[in-house]
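In: Curious how this folds, go ahead:
(one chain, ligands or ions: 1)
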Amino acid sequence: MQKTLVILKPSAIQRGLVGEVISRFEKKGLQIVGMKMISLTDEVLEEHYAHLKEKPFFQRIKESMKMSPVIVVALKGIDAVEVVRKMSGTTNGREAQPGTIRGDYSMSVQENIVHASDSPATAEIELERFFSPTELFDYPQLMHVHIYANDEY
Ligand code: TYD
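Out: Numbering: from 1, shown residues only. The predicted structure is shown next:
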């Protein structure tokens, strides 16, 4: 079982898409194992988006991510990282496939509703960045037998 991090960005919060987006992950069969609302700081954003630090648009990304609180969600499932990335769609909402979260709800590269970890290694680092161990929960997924075959996990 893999865990991955999703951030519902200020664009999701302000547009009233929180329930809609979380509902998609729930209906897919991913298990919510952590969730909270937080305010992002420059310090955390500089770590989280370190790969974009030299980009001319870095300042505007930081400002966008601080426009309101965000909701961080930890999701668990087989191949959760890839499944959630696929459900999120490509970065630019205008180019993202219809049926994906960004493809259905975003017209922008920056205001693109969600962040999703891009690899299992990144997911581990990102979950640690936003959740303390006591904020991540291990509990049975009662519908498990209707979500996976027993030789899939
Ligand atoms: P990135 O990690 O490249 O994409 P993704 O979120 O799909 O993993 O970029 C992080 C965020 O930075 C992206 O969601 C939106 C913003 N961004 C821009 O505003 N302009 C850009 O040209 C890029 C590449 C990203």
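
In: The residue lying closest to Tyr148 once chain neighbours are set aside and the ligand: what is the separation?
Out: What sits nearest to Tyr148 in space, not counting adjacent residues and going by C-beta to C-beta, 6 or more residues apart in numbering, is Ile78, at 6.4 Å. Heads up, the C-betas are built off the backbone N, CA and C, glycines and all. Between Ile78 and the ligand the computed distance is 21 Å (C-beta to the nearest ligand atom, to the nearest Å).

In: which bits of the protein sit near the ligand?
Out: Residues of the chain lying near the ligand by C-beta under 6 Å from any ligand atom: 49, 52, 57, 61, 91, 109-110, 112, 115, 118.

In: could I get those as JSON lines with pLDDT, secondary structure and neighbour count?
Out: Conversion of the residues of the chain next to the ligand to JSON lines gives the following (pLDDT from 0 to 100; DSSP: H, G, I helix; E, B strand; the rest coil; neighbours: other C-beta atoms under 10 Å):
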{"residue": "Tyr49", "pLDDT": "97", "secondary structure": "coil", "neighbour count": "15"}
{"residue": "Leu52", "pLDDT": "97", "secondary structure": "helix", "neighbour count": "14"}
{"residue": "Phe57", "pLDDT": "97", "secondary structure": "coil", "neighbour count": "11"}
{"residue": "Ile61", "pLDDT": "98", "secondary structure": "helix", "neighbour count": "15"}
{"residue": "Thr91", "pLDDT": "98", "secondary structure": "coil", "neighbour count": "13"}
{"residue": "Val109", "pLDDT": "98", "secondary structure": "coil", "neighbour count": "15"}
{"residue": "Gln110", "pLDDT": "98", "secondary structure": "coil", "neighbour count": "16"}
{"residue": "Asn112", "pLDDT": "98", "secondary structure": "coil", "neighbour count": "24"}
{"residue": "His115", "pLDDT": "98", "secondary structure": "strand", "neighbour count": "19"}
{"residue": "Asp118", "pLDDT": "98", "secondary structure": "coil", "neighbour count": "16"}
